[in-house]
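**Student:** Below: sequence and its predicted model.
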Amino acid sequence: VQFVESGGGLVQPGGSLRLSCVASGFTFSSYIMRWYRQAPGKEREWVARIPSDGGSTNYADSVKGRFTISRDNAKNTVYLQMNSLKLEDTAVYFCNAMELRAGVIREYWGQGTQVTVSS
């Protein structure tokens, strides 16, 4: 299993970034994909979720209306479009793949990409 995350960087408050996470080594289209983030000195927190078929998405209240999760199963890729970025969005962002099948949970994590919001 491998993830290649990209798109992080330094951006000013109010700016935008688009994170990408390209997955390989498992059946991407069968997995729920999620984004998490971890700020310095804080616990890792869930940000957004998209089901395997790209249907109804869910967001943490802190990012709702600003972030959009999407996926392209043909490209084994999940995205996180982040708009109106705030200082408090600064964190390492991780993609996560999770499948529950026959009572067994399989879960994989990306290596993380740094997002820094600063003026």
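**Tutor:** Yes, it's here. It should be emphasised that the depicted structure is a prediction, and the values quoted were computed from it without experimental measurement.

**Student:** middle-most residue in the protein, spatially?
**Tutor:** The geometric centre of the chain, computed from its C-alpha atoms, lies nearest to Trp35 (C-alpha atoms, centre = their mean), at 2.6 Å.

**Student:** Shouldn't that one be within a strand?
**Tutor:** Yes: per DSSP: H, G, I helix; E, B strand; the rest coil, Trp35 lies within a strand segment.

**Student:** Please pull up the helix or strand immediately following the host helix or strand of Ala97.
**Tutor:** Element membership for Ala97 (DSSP states H and E) is strand 91-101. The helix or strand immediately downstream of strand 91-101 is strand 104-109, counting by DSSP H and E.

**Student:** Please name every helix or strand in contact with that following strand.
**Tutor:** Here strand 104-109 touches strand 91-101, going by 3 or more C-beta pairs under 8 Å, 6 or more residues apart in numbering; DSSP states H and E. Where C-beta positions appear, they are placed from N, C-alpha and C, glycine not excepted.
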